[in-house]
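Colleague: Just the structure for this:
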Amino acid sequence: MTGYEVLEIGSPDEWLAQGKRFADKEMDTQYIGVSANALEPGGEAPLWHTHSRLEELYFFLAGRGQMALDDDVIDVGPGSVVRVGQGVWRTLRATPESPGELRWLCIRSGGGELKEVSGDSERDAERPRPW
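Modeller: I've put the predicted structure just below:
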């Protein structure tokens with residue numbers, strides 16, 4: 001495994017035409033997973049799901065929808081970010097009146113707390129930029 005990898009998935013119209021695409025299944029990721037997702041207006045996820053170890057962040061990019069989280073239902077749309085912790089049941093739908101596809105990225109990770117490793121960055125303000 002090299003220190004970086006590049007995956008070209010095209011424009012959102014191309015990578016969301018499939019409904020769901022897992023970038024981490026096409027790349028050799030180590031600690032995180034990402035899926036790109038879309039539902040047509042009125043469409044809904046095929047099932048509820050939960051995770052015992054993974055935490056997920058849903059970044060909504062376009063359209064309008066609703067997300068069910070255990071017994072709660074929240075409205076989501078462009079700019080909504082929803083964190084879902086372990087043990088929370090979730091499902092979602094694009095509302096029938098959505099102006100287009102409900103599009104979102106789901107980023108998931110598990111293992112240790114990010115706070116434990118987030119201070120590992122090194123900075124170099126003097127290093128010249130290549131452009």
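
Colleague: contacts for stretch 73-90?
Modeller: 48-70, 92, 102, 104 (CB atoms under 8 Å, 6 or more residues apart in numbering). All C-beta spots, glycine's among them, are computed from the backbone N, C-alpha and C.

Colleague: what do you get if the cut-off is 6 Å, keeping everything else the same?
Modeller: With CB atoms under 6 Å, 6 or more residues apart in numbering as the test, stretch 73-90 has contacts from 48, 50-52, 55-60, 62, 64-67, 69-70.

Colleague: I'd like to know which of those residues are buried.
Modeller: H51, E55, E56, L57, Y58, F60, A62, R64, G65, Q66, M67 (16 or more other CB atoms under 10 Å).

Colleague: which SS class is the residue most central in space within the chain?
Modeller: Central residue check for the chain by CA atoms, centre = their mean: the C-alpha nearest the mean position is that of C106, 1.4 Å away. Judged by DSSP: H, G, I helix; E, B strand; the rest coil, the three-state class of C106 is strand.

Colleague: Just grab the bridge partners of it for me.
Modeller: In this entry, C106 is beta-bridged to S35, Y58, by DSSP bridges.

Colleague: Would you verify that A68 is located in a strand?
Modeller: Yes. Assessed with three-state DSSP, A68 lies in a strand.

Colleague: for the residue nearest to it when sequence neighbours are not counted, what are its contacts?
Modeller: Nearest residue to A68, sequence neighbours excluded (CB to CB, 6 or more residues apart in numbering): T91, at 5.0 Å. Counting by CB under 6 Å, 6+ apart, T91 touches A45, W48, A68.
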